[in-house]
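Engineer: Predicted coordinates and the sequence they were generated for:
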Amino acid sequence: MAQRRALATVFALALTLSAACGTTSENSGQNPQPGAAGGDACAGPDGTYTIGMSQANVAEPYRERMDDDIRTAAAKVPQFTVEFADAQQDNAKQVADVENFLTKQIDLLIISPNEATPLTSVVAKAYNKGIPVIVLDRKVDGDAYTTWIGADNVEIGRTAGKYVAEQLLPNGGKVGELRGLAGSTPAKERGDGFREGIRGTNIDIVTSSDGDWLREKGQAQADAMFTANPDIEVVYAHNDPMAEGAYLAAKAAGKEKSLKFIGIDGLPIPSGGLKAVEQGRLSATLIYPTAGNEAVETAKQLLIDCEEVPREQTLTTELITIDNAATVYDEANS
């Protein structure tokens, strides 16, 4: 591994790459950037590779599922060994986790950042060392990474807003918002998109609180929200666990039948959003792919196939209501 890294440095200084290396589409026709494609790290199908996966936390079911999807997909690639680190929603710990991976001289980094700005520098450090970096779900600042894989959170928020405006509150009304972690890009984008979706309607977001993506905090924030704003009719939560927490808070107050709840994630597991919609606790959710399978496939393209990959890979989403929840769940588990 160390010998391959040393050779990579020599090649980078000489600004020469083999024909198989390629560049990202964004850098096509320019001098290759460090970590821009898998060429320097790629030893082909005869190589063996250690991948470091830095997860923001595993307290969220979505992130636990992301790790499981990466683990399952990587098990099908005999050249891959994946090491996982849990940052526990702690930016400093996640920085240290990535630094530890660099000390171990990993061949590729996958990271789902806790927050964007605090993780930008260490991600750039890995990238500038010539290590391909795959950023999942949440973003970092700037463009010092190989590829980002995730869904369009603005569009997800916009779809949620339109659903509330057209189906839940067609005559207008009051919404309480449970946001994700303030410094994470999906929280801002899902909030911005929702506001676009309800623009021009008589819907008011009367309060917004940070639930940090967690069910327990979402429940506590919703409880306070209902006390301060008893006229709330819909809770828009930035993920399903917070939406379920809001439902529990409403149930404890005897208000669950008079309120509607919408979340995001739509995990196809018994405790996930698909079942919550099917069972009537949530009015809707939106599928938010974990990108675990796509991350491993991209790692294979970079390390084994020596192929270029796009700078961004946007995954599709889907609105889930009572009309399609059972079908989508069954298809996901077939």
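Structural biologist: The structure has been received and is ready for your questions. Residues are numbered from 1 along each chain as shown.

Engineer: which residues in the stretch 51-200 of the chain form strands?
Structural biologist: With DSSP state E, counting those that start in this stretch as the criterion, the stretch 51-200 of the chain has strands at 80-86, 108-112, 133-136, 147-151, 173-179.

Engineer: Ok, the stretch 201-334 of the chain next?
Structural biologist: 203-210, 234-237, 260-262, 285-286, 312-315, 319-320.

Engineer: could you measure residue 167 against residue 179, distance?
Structural biologist: As judged by CB to CB, to the nearest Å, residue 167 and residue 179 stand 22 Å apart. Placement of C-beta: from N, CA and C, glycine included.

Engineer: Neighbour count: the two, which is higher?
Structural biologist: residue 179 (24 against 14; other CB atoms under 10 Å).

Engineer: what pairs with the more buried one across the strands?
Structural biologist: Under the criterion DSSP bridges, residue 179 forms beta bridges with residue 210.

Engineer: the domain parsing of this protein - what is it?
Structural biologist: 2-149+290-314, 153-289+320-332 (automatic domain parsing).

Engineer: And the average pLDDT for the last one is what?
Structural biologist: When pLDDT is averaged over domain 153-289+320-332, the result is 97.

Engineer: Straight-line length of it, end to end?
Structural biologist: 21 Å (CA to CA, to the nearest Å).

Engineer: how far out from the middle of the chain is that domain?
Structural biologist: 17 Å (CA atoms, centre = their mean, to the nearest Å).

Engineer: what's the answer for the longest one, then?
Structural biologist: Taking the mean of its C-alpha atoms, domain 2-149+290-314 sits 15 Å from the chain's own mean (CA atoms, centre = their mean).

Engineer: Of the strands of the stretch 51-200 of the chain, which stretch is the most buried?
Structural biologist: Stretch with highest mean neighbour count among the strands of the stretch 51-200 of the chain: strand 108-112 (a mean of 28; mean count of other CB atoms under 10 Å).

Engineer: Now do that one: everything it contacts.
Structural biologist: 38, 41, 49, 51-56, 63, 66, 70, 94, 98, 101, 119, 123, 126, 131-138, 295, 299, 302-303 (CB atoms under 8 Å, 6 or more residues apart in numbering).

Engineer: and the strands of the stretch 201-334 of the chain as TSV, adding distance to residue 190 and mean neighbour count?
Structural biologist: Shown next, in TSV, are the strands of the stretch 201-334 of the chain (distance: least, CB to CB, whole Å; neighbours: other CB atoms under 10 Å):
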stretch	distance to residue 190	mean neighbour count
strand 203-210	11	17
strand 234-237	9	28
strand 260-262	11	26
strand 285-286	9	27
strand 312-315	15	15
strand 319-320	14	23
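
Engineer: Dump the ones you listed into CSV; add distance to residue 243 as well.
Structural biologist: Below are those laid out as CSV (distance: least, CB to CB, whole Å):
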stretch, distance to residue 243
strand 203-210, 13
strand 234-237, 4
strand 260-262, 5
strand 285-286, 7
strand 312-315, 21
strand 319-320, 12
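
Engineer: Any idea what residue 81 is bridged to?
Structural biologist: Residues in beta-bridge contact with residue 81 (DSSP bridges): residue 50.

Engineer: Could you measure from it over to residue 236?
Structural biologist: Taking CB to CB as the measure, residue 81 falls 41 Å from residue 236.

Engineer: Could you do residue 225 as well?
Structural biologist: With CB to CB as the criterion, residue 225 and residue 236 are 11 Å apart.

Engineer: Residues that sit against both of the two, list them.
Structural biologist: With CB under 8 Å, 6+ apart as the test, residue 225 and residue 236 both reach 176, 178.

Engineer: Including distance to residue 326, could the strands of the stretch 51-200 of the chain go into JSON lines?
Structural biologist: Below are these laid out as JSON lines (distance: least, CB to CB, whole Å):
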{"stretch": "strand 80-86", "distance to residue 326": "32"}
{"stretch": "strand 108-112", "distance to residue 326": "29"}
{"stretch": "strand 133-136", "distance to residue 326": "28"}
{"stretch": "strand 147-151", "distance to residue 326": "22"}
{"stretch": "strand 173-179", "distance to residue 326": "26"}
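
Engineer: Nearest to residue 161, out of these?
Structural biologist: strand 173-179 (9.0 Å; CB to CB).

Engineer: can you pull out the helices in this structure?
Structural biologist: 2-14, 61-74, 91-103, 116-128, 153-163, 185-197, 215-228, 240-252, 273-278, 292-303, 325-332 (DSSP state H).

Engineer: Dump those to TSV, plus mean neighbour count and distance to residue 315.
Structural biologist: Converted to TSV, the helices of the chain look like this (neighbours: other CB atoms under 10 Å; distance: least, CB to CB, whole Å):
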stretch	mean neighbour count	distance to residue 315
helix 2-14	12	30
helix 61-74	19	12
helix 91-103	17	23
helix 116-128	20	19
helix 153-163	22	11
helix 185-197	21	13
helix 215-228	20	24
helix 240-252	25	17
helix 273-278	25	16
helix 292-303	23	7
helix 325-332	16	14
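
Engineer: who wins for proximity to residue 206 among these?
Structural biologist: Judged by CB to CB, the one of the helices of the chain that comes nearest to residue 206 is helix 215-228, at 8.8 Å.

Engineer: Great, nothing more from me.
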